[in-house]
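S.K.: here is a sequence together with a model predicted from it:
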Amino acid sequence: MKKNMKLLLIPCTAAALTLGSAMISFAATGWAEENGQWVYYNNDGSKATNVFKKSGNGWFYLDEDGYMAKSQIVEVDDNYYYVNSAGAMVSNEWREVENEDSGDGEPDTWWYYLQANGKAVKKSGSSDSVRTATLPTAAGNAKFIFDEEGHMMSGWIDENGEMLTDDDAWQEGLYYCGLEDGGRMATGWKYLEAEPEEDDDDREGDGYYFYFNPNGKKVKDTESKKINGRKYRFNEHGVAEFDWYAKPGTETASSSNLYYSAEDQCWLSTGWFKTVPSEDVDPEAHNDDEPYWFYANSNGELAAGEIKTIKGQKYGFDPVGKMLHGLYKITFAEDGRTILEAEEIESESDLPDEDEDVSVYYFGDSPKEGAMKTGTATLDIDGEKHYYKFKSSGSDKGAGVDKIDDGSIYIKGKRVEAEEGSKYEDIEYKGEHYLISTSGKIMKSKKNIKDSDDTYYCTDSKGIITYKGSEKKD
C-alpha cells in the first residue's frame, strides 16, 4: 500500500506543476503592482518593456526592466517624451529636466516643450537646418530653437543649430536665445555682452548692439540696412557700427565720410548733427576734441565746400563738411561756388588785404546758429567793434561789399574808418586818396577841414583829397 501511495503522489505532483504553469500562462493581462511599482503584463504573460501603455486617459511608460517610469525624459523611436511624478506622459507644456552631463558649456538643466502628442519639439537628426518653433509662454507666444534631442537651445547658436560657448561665440553665432528672456529667440535690436574686438577702444559698455531679423538671423556684413526708416551699417560679426566711417573708393570728403550716431543709436546721421570730427575728417579738431555741426543728405553724404540753403537759411561748410560759424575769408574755385578754403578771422591780423583774392562772409547766430548774414552787422574783432556790410542779393549773396557804397569805402565787407580820435584820415583806395571820418563817411566837397593833428584837407565831389597841409588853402 505504501508503495502504491508513492506512485500516486508522483502524478499528483506533476499535475500540480502543470496547473501552476497554466496559472502563470493565463494570469490576468494589463496593469499590476509589484513591490510598490507598477508593471504591465502583455497577453502572453510577459512584462511590457520600453513601451507606452494606456490607462484611462493617460499613457505610461514601462522601462527596460518593465517598471513604470516617473519624472523623467524617455526616448522612443528617436522621439522624446516626459512622464511626470505619477508616470503619466505630459503634453502641451514646458518641462525643466536636470542635465546629467552639465559642464563644458552645457547648462545644469534642459528645457523641453512637449506637444499635444507628447513628443518633445526637436530638430530632425538628418537636418542641418535650424529647428525653430513658435510656442506659448506666460508672456505670450515666442520663438525657440531646439536640437535633435529636444533641448531648448540658449545663448549664441550657429547656422546648424549648435550652441556656441566660447568667448568669441558672438562673432560666429547667427541666432541668439537669451536665458534672461526665458530662451526666446531674439528678434529686433539686442544689446549683448561680448568680448571686445581687437583694437576696439571706442565702445562705452561691455557689449555691442545687434539686430536680428524676424526669422532670428542676425544682420551682418552690410553697408546699408534700413530699419524703421533709418539706415544702419553692420560689420562681418553683426555689430552695429557707430561713429565716423570712410567709404572706400570715394574721392570727395562729402561722399566718403559718413557718420553713424552715438553707440546707443548707431543710425546713419542725416540732417543736422553735432560731433567731434574723425581724424580723417579734421585731425586738428579731432585732437582738440572739439565738436562741430555737420549736415548730411538722406544718403548720409555731407554738405561740404559749399554755401547751402537749408529750410530757408544759408549755411557755409568748409571742404570737409564742418559748418562755418563766425567771420571767414573764403577762397572759391573758378566756378565761384565751391569753397576751396575757409579761414576764420579771429584777429585784425587775419583781415584780408584789398587785393587779396578772397571773399568775406559772416555766419552768425540769428535767426539760427550758423545762418549766413546779409545786410549790416557790427562785429567784434580782437575787442574792437567793426562795421560790416554784406550783399543782400546776387549770385554772391552774403559776400562782404567790396566797393564804395552809401558814401563809405568797404573792403571785403569791412567799412573803412578813420582811427578813433583822429577826426579824419587820409585813406588810399584803388590808387586814390580819400578823406574818411571816424564814422566811415567819405568827406566830399570839403574845404580846409581840419583833423585832430591840425592838418587841413580839401576834397572834391567824390571825396578825393585835393589838398593836404598845415595851413589853410586860399
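M.R.: Nice, thanks for sending it over.

S.K.: can you tell me which residues contact G66?
M.R.: For G66, the contact set (Cβ atoms under 8 Å, 6 or more residues apart in numbering) comprises V39, Y40, K47, A48, T49. Backbone N, C-alpha and C define where each C-beta goes, glycine included.

S.K.: and with 6 Å instead?
M.R.: By Cβ atoms under 6 Å, 6 or more residues apart in numbering, the residues touching G66 are V39, K47, T49.

S.K.: repeat for Y361
M.R.: Here Y361 is in contact with Y328, I330, G398 (Cβ under 6 Å, 6+ apart).

S.K.: kindly recompute the last result at 7 Å.
M.R.: By Cβ atoms under 7 Å, 6 or more residues apart in numbering, the contact list for Y361 reads G316, Y328, I330, M372, G398, A399.

S.K.: my guess is G440 meets E417, correct?
M.R.: Yes - the pair G440 / E417 is scored as a contact, 4.2 Å apart, by Cβ atoms under 7 Å.

S.K.: tell me the buried residues in stretch 104-113?
M.R.: For stretch 104-113, the neighbour count (16 or more other Cβ atoms under 10 Å) marks P107, W110, W111, Y112, Y113 as buried.

S.K.: re the thing from before, who wins for neighbours among the contacts of G66?
M.R.: Highest neighbour count within those, by other Cβ atoms under 10 Å: V39, with 19 neighbours.

S.K.: so that residue makes contact with Y67?
M.R.: Yes - judged on Cβ under 7 Å, V39 makes contact with Y67 at a distance of 6.2 Å.

S.K.: just give me the neighbour total for W293.
M.R.: By other Cβ under 10 Å, neighbour count at W293 equals 17.

S.K.: how much space between the spatially closest residue to Q37 that is not a sequence neighbour and T29?
M.R.: Of all residues not flanking Q37 in the chain, Y67 sits nearest, at 4.7 Å (Cβ to Cβ, 6 or more residues apart in numbering). Taking Cβ to Cβ, to the nearest Å as the measure, Y67 falls 17 Å from T29.

S.K.: the buried residues of stretch 104-113 in strands, which ones?
M.R.: By the criterion of DSSP state E, membership of these in strands covers W110, W111, Y112, Y113.

S.K.: model confidence at R95, what's the number?
M.R.: At R95, the pLDDT value in this model is 97.

S.K.: let me fix that, I meant to ask about F210.
M.R.: 96.

S.K.: surely it is in contact with E193?
M.R.: No - with contacts counted by Cβ under 7 Å, F210 stays clear of E193, the gap being 11.2 Å.

S.K.: have a look at these two and say which one is more surrounded.
M.R.: Higher neighbour count among F210 and E193: F210, with 23 against 9, using other Cβ under 10 Å.

S.K.: and the more buried one, how far from Y175?
M.R.: With distances taken as Cβ to Cβ, F210 is found 11 Å from Y175.

S.K.: ok, now K473?
M.R.: K473 sits 98 Å away from Y175, going by Cβ to Cβ.

S.K.: the two - which one has more neighbours?
M.R.: The neighbour comparison of K473 against Y175 (other Cβ under 10 Å) goes to Y175, with 25 against 12.

S.K.: dump the residue contacts of the more buried one.
M.R.: Counting by Cβ under 7 Å, 6+ apart, Y175 has contacts V130, I145, I157, M185, G216, K217.

S.K.: just name the closest of these to F294, please.
M.R.: K217 (33.6 Å; Cβ to Cβ).

S.K.: for that closest one, report the pLDDT, please.
M.R.: So K217 comes in at 96 (pLDDT).

S.K.: neighbour count winner among Y67 and T29?
M.R.: Y67 (19 against 14).

S.K.: check what pLDDT E100 gets.
M.R.: E100 is given a pLDDT of 87.

S.K.: confirm it sits in a helix?
M.R.: No - going by DSSP: H, G, I helix; E, B strand; the rest coil, the assignment for E100 is coil, not a helix.

S.K.: that one: how many residues sit nearby?
M.R.: Counted with other Cβ under 10 Å, E100 comes out at 8.

S.K.: any idea how far it lies from P277?
M.R.: Distance of E100 to P277, computed by Cβ to Cβ: 58 Å.

S.K.: before we move on, what about L192?
M.R.: From L192 over to P277 (counting by Cβ to Cβ), the distance is 30 Å.

S.K.: and those two? which has more neighbours close in?
M.R.: Set side by side, L192 and P277 show more neighbours around P277, with 24 against 19, by other Cβ under 10 Å.

S.K.: so what's that one closest to, chain neighbours aside?
M.R.: Residue nearest to P277 in three dimensions, not counting chain neighbours: A285, with 4.7 Å by Cβ to Cβ, 6+ apart.

S.K.: now M152
M.R.: W111 (4.0 Å).

S.K.: just the strands in the stretch 101-250 of the chain please.
M.R.: Under the criterion DSSP state E, counting those that start in this stretch, strands of the stretch 101-250 of the chain are mapped to 109-114, 131-135, 142-146, 155-157, 163-164, 175-178, 184-185, 188-193, 207-212, 222-227, 230-234, 243-246.

S.K.: let's have those strands in TSV, adding distance to E290.
M.R.: As requested, the strands of the stretch 101-250 of the chain are arranged in TSV below (distance: least, Cβ to Cβ, whole Å):
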stretch	distance to E290
strand 109-114	53
strand 131-135	49
strand 142-146	47
strand 155-157	40
strand 163-164	43
strand 175-178	39
strand 184-185	44
strand 188-193	29
strand 207-212	27
strand 222-227	29
strand 230-234	25
strand 243-246	15
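
S.K.: so who does the nearest residue to E98 once chain neighbours are set aside touch?
M.R.: Ranked by Cβ to Cβ, 6+ apart and with sequence neighbours excluded, the top spatial neighbour of E98 is T109, at 5.6 Å. Listed by Cβ under 7 Å, 6+ apart, the contact set of T109 reads E96, V97, E98, N99.

S.K.: redo that, cut-off 6 Å
M.R.: Applying Cβ under 6 Å, 6+ apart, the residues near T109 are E96, E98, N99.

S.K.: distance of it from F60?
M.R.: Distance of T109 to F60, given as Cβ to Cβ: 24 Å.

S.K.: ok, now Y429?
M.R.: 111 Å.

S.K.: more crowded one of those two?
M.R.: Counted by other Cβ under 10 Å, Y429 and F60 do not tie: F60 has more neighbours, with 22 against 18.

S.K.: what helix or strand is the more buried one located in?
M.R.: Using DSSP states H and E, F60 falls within strand 58-62.

S.K.: buried ones in the next helix or strand after that strand?
M.R.: Past strand 58-62, further along toward the C-terminus, the next helix or strand under DSSP H and E is strand 72-76. By neighbour count on 16+ other Cβ under 10 Å, the buried set for strand 72-76 is Q72, I73, V74.
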